[in-house]
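# Dropping a prediction and its sequence here:
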Amino acid sequence: MAKYRDIADDIRQKIKNQEYTFGQKLPYEYVLCMSYHCNKETMKKALDILVKEGLIIRRRGAGTFVKDYDPAMDNPVSKFGRGLTEQYKGIKEVTSNVLEFEVVPADELLSEKLQIDVGDFVYHIIRLRFLDKVPHLIDITYIPISVIPNLKLQHLKGSIYSYIENVLKLKIQSCHLTIQAALSTPLEQQYLGLKENEPYIQEEQISYLSNGSIFEYTLSRQHYAHFEFQTVIIQQ
């Protein structure tokens, strides 16, 4: 494992063990570099992982601070990582039509998103997801083979997250989510019923295991009329 991942793992564990507590300022980067015997670039990569996981936050001119940590967040059912199947369990039937399933070498974009080397092999998956037999969204997913091995067609038709957790016994930790809109392409027009020049809503999701490894880069595209986002904002 790369050294910056080892460092991220160690700092993450210290946050969970409350060696670094909520609101506490982390040591300066040069101090951390000396503690972990690494250069600034390696430490920056390690801290970037924890920022994306939502464990720490950088405040310009002030430093890097620990965000509030709730151990319940380790349970993927309590946060983002339930996946569509678990999210609608007992509410609606979730089914998937696999449009594409292949292994491809990572290009520069995938290398950056998944933090792997250019040329490393990844699964390229396109699935049309249904709720009660009605098309709901298109998932375009890239998964590093080195992180999630032996993925089969049968797993894609069910729940990939279930395979990761129940078969591989890996723990899903967190994700970095970006939401944006874009004009539809023939793919969305064909499967989501969008017209030319109508937009889709896209959720770009980079997902992490508890060991800090990125296991998924997914673009989920929905019909604009079916998208809803809810959140709760608490002032501290």
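It's in.
# Show me the shaky parts of the protein.
In the predicted model, the chain carries pLDDT under 70 at residues 1, 68-83, 86-87, 89, 230-236.
# Nearest residue to the middle of it?
residue 207 (1.7 Å; C-alpha atoms, centre = their mean).
# For the helix or strand containing residue 202, which helices and strands make contact with it?
Taking DSSP states H and E as the definition, one finds residue 202 inside strand 199-209. The contact analysis (3 or more C-beta pairs under 8 Å, 6 or more residues apart in numbering; DSSP states H and E) places strand 199-209 against helix 40-52, strand 172-183, strand 214-223. In short, each C-beta sits where N, CA and C put it, glycine included.
# and residue 106, which of those is closest to it?
Residue 106 lies closest, by C-beta to C-beta, to one member of those: strand 214-223, at 9.8 Å.
# contacting residues around the closest one?
Strand 214-223 has contacts (C-beta atoms under 8 Å, 6 or more residues apart in numbering) with 110, 113-116, 136-144, 147-148, 160, 164, 170, 172, 188, 192-194, 200-209.
# picking up where we left off before, ranking the helices and strands packed on strand 199-209 by burial, who's on top?
Highest mean neighbour count of the helices and strands packed on strand 199-209: strand 214-223, a mean of 21 (counted as mean count of other C-beta atoms under 10 Å).
# Just list the residues touching residue 55, thanks.
Shown in contact with residue 55 (C-beta under 8 Å, 6+ apart): 12, 15, 66, 67, 69.
# for residue 197, what are its contacts?
Here residue 197 is in contact with 183, 184 (C-beta under 8 Å, 6+ apart).
# can you redo the helices and strands packed on strand 199-209 as JSON lines with distance to residue 60?
Shown next, in JSON lines, are the helices and strands packed on strand 199-209 (distance: least, C-beta to C-beta, whole Å):
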{"stretch": "helix 40-52", "distance to residue 60": "13"}
{"stretch": "strand 172-183", "distance to residue 60": "20"}
{"stretch": "strand 214-223", "distance to residue 60": "26"}
